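In: How does the following fold in three dimensions:
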Amino acid sequence: MEILLSALAQGAIWTVMGIGVYITFRVLNEADLTTEASFTLGAAIGAQLLVLGMNPVLALLVAFLMGAAAGAITALLITKVHINSLLAGIITMTGLYSINLGFLGAANLSLSAVPSLKTQLGSIGLPRNVDTLVLGIVVVAIAVAALSFFFRTDMGQALIATGDNPIMAKSLGISTGGMLMLGYMIGNGLIATSGYLVATDNGYADISMGIGSLVIGLAAIIIGEVVIRNVSLPVRLLAIFVGSVIYRLLLALVLRFNFDTDNFKLLSAVVLGLCLSIPTLQKFFRERKARNAAVKEVALA
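Out: This is a model prediction of the structure:
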């Protein structure tokens, strides 16, 4: 039961990361490597603001805005300087390392004695992990509701069109560069928010905490799509929560078998590789079944 509760709690706050990755990876069809740096950026600046005594909700909003600014930089490199999207993400990620280190002031920053949203929920009697779960669900609900409304607007539809077919979107008068920037800003803003939530849950912010975060976000998306298919966009976003929880459960179960924690990132990569291969394997077995059925019909004829 404790493992399930922990997976639900961790899955909830990491779902915010998954939704941010979904915006760039699925909606815009871009692999954004800014992710790992913007995740740490949200954690770093959010932690420093909490240490300075800022209201936790305001600190969360600032973390979102800083993540959006990081996404805007990557988008500017792509749209104005015409740098490849992968290289643009790498450039932003490299530059943000020094900025994140400057915000932290050291390799890590403790939040053990600092008031946060998590401690405020704990102070009203919510047990460990339940406070994180409630916080995560509230933030995820707000994000899904806001995005569901946004994607029904003309601007949201323009953003989707830009990701589907940028040439066609441009011919329809859509500013594809502006839509790309908007998508990168929303995605990285949510990713930074997730970094802030994870830092407050862990009780510290670390300069290396963003490493591998993109893998976690992608795993949550892919698993969610495999489990819940052919649904509307709002349900797809909620499916990321299901994928995030399943991913956490898989890792927790493996770690219970005395798996070496030094190989945790390797395990995460293997799990993601397996998840990414599921649609291909399903297609392979469906095609093989169809071929076998066709051969059987020919033999009977």
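In: all contacts plus neighbour counts: C-alpha atoms, from now on.
Out: Will do.
In: CA atoms only for the helix or strand hosting residue 66 - export them in PDB, please.
Out: For residue 66, the element it lies in under DSSP states H and E is helix 56-79. Extracted as PDB, the C-alpha positions of helix 56-79 are listed here (Å, rounded to 0.1, in the frame of the first residue of the first chain):
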ATOM      1  CA  PRO A  56       4.900  29.500  -1.900                       C
ATOM      2  CA  VAL A  57       2.100  30.200  -4.500                       C
ATOM      3  CA  LEU A  58       3.900  33.300  -5.800                       C
ATOM      4  CA  ALA A  59       7.200  31.300  -6.000                       C
ATOM      5  CA  LEU A  60       5.400  28.700  -8.100                       C
ATOM      6  CA  LEU A  61       4.200  31.400 -10.500                       C
ATOM      7  CA  VAL A  62       7.600  32.900 -10.800                       C
ATOM      8  CA  ALA A  63       9.100  29.400 -11.500                       C
ATOM      9  CA  PHE A  64       6.500  29.000 -14.300                       C
ATOM     10  CA  LEU A  65       7.400  32.300 -15.800                       C
ATOM     11  CA  MET A  66      11.100  31.600 -15.600                       C
ATOM     12  CA  GLY A  67      10.600  28.300 -17.400                       C
ATOM     13  CA  ALA A  68       8.500  30.100 -20.000                       C
ATOM     14  CA  ALA A  69      11.400  32.500 -20.500                       C
ATOM     15  CA  ALA A  70      13.800  29.600 -21.000                       C
ATOM     16  CA  GLY A  71      11.400  28.100 -23.600                       C
ATOM     17  CA  ALA A  72      11.200  31.500 -25.300                       C
ATOM     18  CA  ILE A  73      15.000  31.700 -25.700                       C
ATOM     19  CA  THR A  74      15.000  28.300 -27.400                       C
ATOM     20  CA  ALA A  75      12.200  29.300 -29.700                       C
ATOM     21  CA  LEU A  76      14.000  32.500 -30.600                       C
ATOM     22  CA  LEU A  77      17.100  30.500 -31.600                       C
ATOM     23  CA  ILE A  78      14.900  28.300 -33.800                       C
ATOM     24  CA  THR A  79      12.700  30.900 -35.400                       C
END
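In: Return the mean pLDDT over that helix, rounded to an integer.
Out: Mean per-residue pLDDT for helix 56-79: 96.
In: and the next element down the chain from that helix?
Out: helix 85-104.
In: what comes up buried for that following helix?
Out: Buried positions in helix 85-104, judged by neighbour count with 16 or more other CA atoms under 10 Å: 85, 87-93, 96-97, 99-101, 103-104.
In: Quick check: the residue lying closest to residue 79 once chain neighbours are set aside vs residue 93, distance?
Out: Leaving out its chain neighbours, the residue that sits closest to residue 79 by CA to CA, 6 or more residues apart in numbering is residue 177, at 5.7 Å. Going from residue 177 to residue 93 by CA to CA, to the nearest Å gives 21 Å.
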